[in-house]
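> Take this sequence and fold it.
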Amino acid sequence: MKKTFRHKIAHYLFLREFRTSHATHQMITFERAKSIGILYDSTNEKHFELVKKYVKEMRETHHKDVLALGYYDQKELPAMRFSKLGLDFFTKKDLNWHFKPMATVVKSFVNRDFDLLIDLHTGNSIPFRYIVASSRSKFKIGKYDKAAERFYDFMISTGDHMTLPQFIDHVNHYLKLFKHEPAK
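Numbers count the residues shown, from 1 in each chain. Next up is the predicted model:
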């Protein structure tokens, strides 16, 4: 009961803060994108390893500047998981009482002018919404959620049982389809 009430207040405060979205977005093709931000839930070790591999592939194969920000759903990161170049984290202790991320690493992430922001989180989480809504990224991609339509430029319908590897495949599929800049 207490958590539900807290979530309702947090959702209300989030909507109040982002009542209007003034961001101007532009379509950036994957080929033209130089910088990419990736947002994901790193609580699951397999998800962390998958995203780490995805970041490495984008850097080495596609020569992109990639920064991944993972959320770990505990107060502390496990001993074997630590931030390193291009793979940053925030935890429960970095959230204020209404789930807004307050960590310096998050503020730095949202203030970067990424060409693409790829939100790989497939749940409905207030901390992720804050980051996406605050991000200065030019083009934002994420899972379809009617309540978050105004914060994304492109959303992918995932169904109820799509795994993270399947979602990454869908993201890659659509990124490859975006070949040409729209007419101005």
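> Return the list of helices and strands in contact with the longest helix along the chain.
When the chain is parsed with DSSP state H, its longest helix is helix 45-62. Applying 3 or more C-beta pairs under 8 Å, 6 or more residues apart in numbering; DSSP states H and E, one finds that helix 45-62 makes contact with strand 35-41, strand 65-72, helix 164-177. Yep, even glycine has a C-beta here, placed from its N, CA and C like the rest.
> contact partners of the first one?
It stands for strand 35-41. 47, 51, 54-55, 58, 64-71, 73, 109, 112-121, 123, 125, 128, 131-132, 135, 137, 164 (C-beta atoms under 8 Å, 6 or more residues apart in numbering).
> what about the helices in the chain?
2-17, 45-62, 104-110, 126-134, 164-177.
> before we move on, back to that, of the helices and strands packed on helix 45-62, which stretch is the most buried?
Ranked by mean neighbour count, the helices and strands packed on helix 45-62 are led by strand 35-41 with a mean of 23 (mean count of other C-beta atoms under 10 Å).
> pLDDT averaged over stretch 59-76 - what is it?
Mean pLDDT, computed over stretch 59-76, is 95.
> what's in contact with that stretch?
30, 33-43, 48, 51-52, 55, 58, 78, 81, 86-93, 105-106, 109, 112, 114, 121, 125, 127-128, 131.
> And for stretch 141-150?
21, 116-119, 121-122, 124, 129, 132, 152-158, 167, 171, 174-175.
> For ChimeraX, what selects the buried ones among these?
Those of the contacts of stretch 141-150 that count as buried under 16 or more other C-beta atoms under 10 Å are selected in ChimeraX with:
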select :116,117,118,119,121,122,129,132,152,153,154,155,156,158,167,171,175
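> from the contacts of stretch 141-150, which ones fall inside strands?
Leu116, Leu117, Ile118, Asp119, Phe154, Met155, Ile156 (DSSP state E).
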